[in-house]
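Chemist: no sequence on hand, only this structure:
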Ligand code: AMP
Ligand code: GLY
């Protein structure tokens, strides 16, 4: 089977790595890919935002399947363009990807489908802001949750007890011409569950947990994700079935009823609150870095699953097999991330990290004019390790991370720590 994957990040490297492990191994192409992906696939110099180029490349390659990784091309209509050109595509149409592209539209779909989520108000003008905050946080109850309505690479959300800081963020989004969604605060641990859909049927992958804040102990600003682990030993029994029943199936059905079939990954970002499970956000694609740990544990063939969904032929009784192993990933971010990011710094130690029992996923890397591997983005590498349990996987991932040299870089040291301690019985809860 010939597969073209669109994207250049850690998620796409993890997808390609897992596709390469299928037997028989598919012929893999990436556009544009990255230096890590280039070790497993033929990379083609077509940018993620170059939809014409993607159509030209696919027409030339004639792949059996195109997998679109990132949200930007999905929201821009890459899947539609490729389908018009006769391709079999895993990834939603622009119309369906609005589920990620607009948080206010996602709220409307959730309301119509009866999906549990945080109460919210959408604000479109500065003069509505004060009243909006008073409605969502009526007793001055905090924290405030202020979200840019459009795509923001995980960085458009501010959660703060400080009303002035909430107002500053909302004003920045509004004066830049955007809308703001103000949300009720959801307490409780977060879970990411990726659901494969063919437009009507839904098959869940294994749940994972992502660490969104930049610094240890969930301090610092929100990021695209600084680390992840799977499985979640602490998750309640029946969680996946509950998410299917209350969230994924009703959402897919609501979209289908509006003639907007969703083919691809419905990423359910959930909070397990004291009042029950709630949707924090939907995304229209695999999560990054959760994909790195979820696919690390998937033992069933991967390409046939994506192909069946892309063809609208997913069997709802599909039972996927998962390794008993735990997987942990630690993201190495460049100096200044997430506010800024520094590029062009040399990266060393990948071979040493891999000799240490981990593998290194490239997220934001490039080769410079001298052929040297350098940083090229905010999240640079994602070091993945598996182990017999979370504590084991975590130790391996952190030890391998220490082998990497990248000037000014930072990473979290507490990824999966509480869950590993809880699994080992040293703490009551995760
Ligand atoms: P989002 O882009 O909507 O996923 O938000 C990014 C992150 O902000 C989430 O993963 C949460 O950690 C946090 N967050 C978003 N919405 C809420 C909420 N209503 N209550 C608490 N935390 C939230
Ligand atoms: N890790 C969060 C995301 O992919 O949106």
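Modeler: Yep, it's here. Source: prediction; values computed, not measured. Numbering: from 1, shown residues only. Ligands and ions are numbered 1, 2, ... in the order given.
Chemist: can you count the residues close to residue 401?
Modeler: 27 (other C-beta atoms under 10 Å). Bear in mind the C-beta positions are built from the backbone N, C-alpha and C, glycine included.
Chemist: which SSE is it in?
Modeler: Using DSSP states H and E, the element containing residue 401 is helix 390-402.
Chemist: report the buried residues of that helix.
Modeler: Residues of helix 390-402 classed as buried: 390-394, 396-398, 400-401 (neighbour count, 16 or more other C-beta atoms under 10 Å).
Chemist: same question, stretch 225-234
Modeler: Result for stretch 225-234 [16+ other C-beta under 10 Å]: buried residues 225-232, 234.
Chemist: near ligand 2 at all, stretch 321-335?
Modeler: No. Stretch 321-335 lies apart from ligand 2 when judged by C-beta under 6 Å from any ligand atom; the minimum separation is 9.5 Å.
Chemist: check contacts around whatever residue of the stretch 251-400 of the chain ends up closest to ligand 1.
Modeler: Using C-beta to the nearest ligand atom, the closest approach of the stretch 251-400 of the chain to ligand 1 is made by residue 281 at 3.4 Å. Counting by C-beta atoms under 8 Å, 6 or more residues apart in numbering, residue 281 makes contact with 100, 103, 106, 269.
Chemist: beta partners of it?
Modeler: According to DSSP bridges, the partner residues bridging residue 281 are residue 269.
Chemist: so it versus residue 147, what's the distance?
Modeler: Look at residue 281 and residue 147: by C-beta to C-beta, to the nearest Å, they are 8 Å apart.
Chemist: which bits of the stretch 251-400 of the chain sit near ligand 2?
Modeler: 283, 287-288, 290.
Chemist: what do you get if the cut-off is 8 Å, keeping everything else the same?
Modeler: Applying C-beta under 8 Å from any ligand atom, we find that the stretch 251-400 of the chain lies next to ligand 2 at 267, 269, 281, 283, 285-290.
Chemist: and the stretch 1-150 of the chain, by the same measure?
Modeler: So far as C-beta under 8 Å from any ligand atom goes, the stretch 1-150 of the chain lies against ligand 2 at residue 11.
Chemist: now the closest residue to residue 189 other than its chain neighbours: phi and psi?
Modeler: Nearest residue to residue 189 in three dimensions, chain neighbours excluded: residue 272, at 5.4 Å (C-beta to C-beta, 6 or more residues apart in numbering). Dihedral angles of residue 272 (phi, psi; degrees, to the nearest 10) stand at phi -90, psi 90.
Chemist: from residue 234, how far out is residue 272?
Modeler: Per C-beta to C-beta, residue 272 is found 9 Å from residue 234.
Chemist: what residues are shared contacts of the two?
Modeler: Listed contacts common to residue 272 and residue 234 are residue 189; contacts here mean C-beta under 8 Å, 6+ apart.
Chemist: low pLDDT regions in the stretch 251-400 of the chain?
Modeler: Counting by pLDDT under 70, the stretch 251-400 of the chain contains no low-confidence range.
Chemist: strands of that one, start to end?
Modeler: Ranges of strands within the stretch 251-400 of the chain are 263-273, 276-283, 326-333, 347-348, 359-362, 365-367, 373-375, 379-387, based on DSSP state E, counting those that start in this stretch.
Chemist: for residue 235, what are its contacts?
Modeler: Each residue near residue 235 by C-beta under 8 Å, 6+ apart is listed here: 191, 207, 272.
Chemist: of those, which is the most crowded?
Modeler: residue 191 (23 neighbours).
Chemist: contact partners for it?
Modeler: Going by C-beta under 8 Å, 6+ apart, residue 191 touches 207-209, 232, 235, 239, 269-272.
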